[in-house]
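Visitor: next come a sequence and a model predicted from it.
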Protein chains: 2
Amino acid sequence: MAGGAALPPKENHAETFARLRDAHAREVTEDYVEMIADLIVEEGEARAVSLAERFGVTPATVNNTIKRLERDGFVSSRPYRSIFLTDAGQTLADKCRDRHKIVYDFLIALGLDAQIAEFDAEGIEHHVSAETLDVFRAFTKSSKGEI
Amino acid sequence: MAGGAALPPKENHAETFARLRDAHAREVTEDYVEMIADLIVEEGEARAVSLAERFGVTPATVNNTIKRLERDGFVSSRPYRSIFLTDAGQTLADKCRDRHKIVYDFLIALGLDAQIAEFDAEGIEHHVSAETLDVFRAFTKSSKGEI
DNA sequence: ATTAAAAGTTAGCCGATGCTAAATTGATTT
DNA sequence: AAATCAATTTAGCATCGGCTAACTTTTAAT
Ligand SMILES: [Mn+2]
Ligand SMILES: [Mn+2]
Ligand SMILES: [Mn+2]
Ligand SMILES: [Mn+2]
């Protein structure tokens, strides 16, 4: 692939895209639980109106998404009240926040500016395997050593 | 963000997610034109059955996607015949193939194995800005220098 | 030339993620 | 207490990207 054939062997290729579709299916969930956790830290609670503003979507869209998250066991909410993470939601949020920070810090360590790092990390975070994350973390750490 | 507040200023935050949604909207298109270009190189033509096998989806799904690509001016096709890229499609495919390779080679340069690099590159490629791509390219190049 | 197999198409379905417009509820002000 | 304003919910819609099942067309084998 690197320098050879244009395509990987066809027997394995579909697995790559199956993983990609899986990652996609989780992206919105991951961004929401992470955002809810951050809002609770920063503003004391997570309101639908804040989520709508942060994501740049309408309140109706937030409502739909929150219902899916509730169905999937990541949040709890009561009508007209703010939104809470379940234990599963908090666990996922912690994992996503760590991962997000590792990706962001890695992009900064590579010399990118904060705005670009923020943009790209928001997408990249959902597509880094555990192995890649380890390498990112190690790179950032070692790049801090060699001032 | 790096070490400070949990969240970026709310005035700018929505832009990050707007870009993310834009990138999403382009992912399938980008993967298809790239795959079509690669199949034409490797097999002489791009058949729906090959796309279905490569992506791990059904022929019906390929058909739907090809219709959207045709509607959007990236491919041309006639019933029961193989699929061709328009000029716009070829241009996009070339761009995507380059970008894909830069991301893949960067992950390899970081020390990741081929399988992981293949998996992660397939997702990451859609979320790297031009700036990040430049940095990736430079890193790969310099890592080749210092054997 | 028939037949069988492979490839492609069509119809109809679903879930995810977005939207607008209207209705409802809760909070604030007067 | 009423009225207003802000927040939330609901209803109804659209597109994308997936699916199965049935059908048609092309290609390959006999
Ligand atoms: Mn994200
Ligand atoms: Mn994130
Ligand atoms: Mn891809
Ligand atoms: Mn690609």
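Guide: Sure thing, it's come through. Ligands and ions are numbered 1, 2, ... in the order given.
Visitor: distance of residue A:126 from residue B:81?
Guide: 37 Å (C-beta to C-beta, to the nearest Å). All C-beta atoms are positioned from the backbone trio N, CA, C, and that covers glycine.
Visitor: now residue A:93: how far from DNA strand D?
Guide: Residue A:93 sits 19 Å away from DNA strand D, taking C-beta to the nearest atom of the strand, to the nearest Å as the criterion.
Visitor: so that residue makes contact with residue A:31?
Guide: No: counting by C-beta atoms under 8 Å, residue A:93 stays clear of residue A:31, with 10.2 Å between them.
Visitor: circling back to that earlier point, okay, residue A:126 and residue B:81: which has more neighbours?
Guide: Neighbour totals were compared for residue A:126 and residue B:81, and residue A:126 leads with 22 against 11 (other C-beta atoms under 10 Å in any protein chain shown).
Visitor: how about that one: what's its closest non-neighbour residue?
Guide: Excluding the flanking residues, the one nearest residue A:126 by C-beta to C-beta, 6 or more residues apart in numbering or on different chains is residue A:27, at 4.8 Å.
Visitor: what's the local residue count around the one you found?
Guide: Residues near residue A:27, counting by other C-beta under 10 Å, number 17.
Visitor: again with residue A:9
Guide: For residue A:9, using other C-beta under 10 Å, the count is 8.
Visitor: OK, contacts around it?
Guide: Counting by C-beta atoms under 8 Å, 6 or more residues apart in numbering or on different chains, residue A:9 touches no other residue.
Visitor: helices along chain A, start to end?
Guide: Assigned by DSSP state H, chain A shows helices spanning A:10-43, A:48-55, A:59-71, A:87-109, A:114-124, A:130-145.
Visitor: so which of those is nearest residue B:115?
Guide: Closest to residue B:115 of these, according to C-beta to C-beta: helix A:10-43, at 8.3 Å.
Visitor: so which bits of that closest one are buried?
Guide: A:13, A:16-17, A:19-20, A:23, A:27-40 (16 or more other C-beta atoms under 10 Å in any protein chain shown).
Visitor: that helix near DNA strand C at all?
Guide: Yes: Helix A:10-43 reaches DNA strand C (C-beta under 7 Å from any atom of the strand) through A:25, A:27, A:28, A:29.
Visitor: elements contacting that helix?
Guide: helix A:48-55, helix A:59-71, strand A:75-77, strand A:83-85, helix A:87-109, helix B:10-43, helix B:48-55, helix B:114-124 (3 or more C-beta pairs under 8 Å, 6 or more residues apart in numbering or on different chains; DSSP states H and E).
Visitor: hmm, back to that, so which of the helices of chain A gets nearest ligand 4?
Guide: When those are compared by C-beta to the ion, helix A:10-43 sits nearest ligand 4, at 9.2 Å.
Visitor: what distance separates that closest one from the centre of its chain?
Guide: Offset of helix A:10-43 from its chain centre (C-alpha atoms, centre = their mean, to the nearest Å): 6 Å.
Visitor: same check on stretch A:37-48?
Guide: Worked out by C-alpha atoms, centre = their mean, stretch A:37-48 lies 17 Å from the chain centre.
Visitor: and it, does that touch ligand 2?
Guide: No: Stretch A:37-48 lies out of reach of ligand 2 by C-beta under 5 Å from the ion, never closer than 9.1 Å.
Visitor: stretch A:68-79 and DNA strand C, any residue contact?
Guide: Yes: Stretch A:68-79 lies within reach of DNA strand C by C-beta under 7 Å from any atom of the strand, at A:68, A:79.
Visitor: straight-line length of that stretch, end to end?
Guide: Using C-alpha to C-alpha, to the nearest Å, one end of stretch A:68-79 lies 15 Å from the other.
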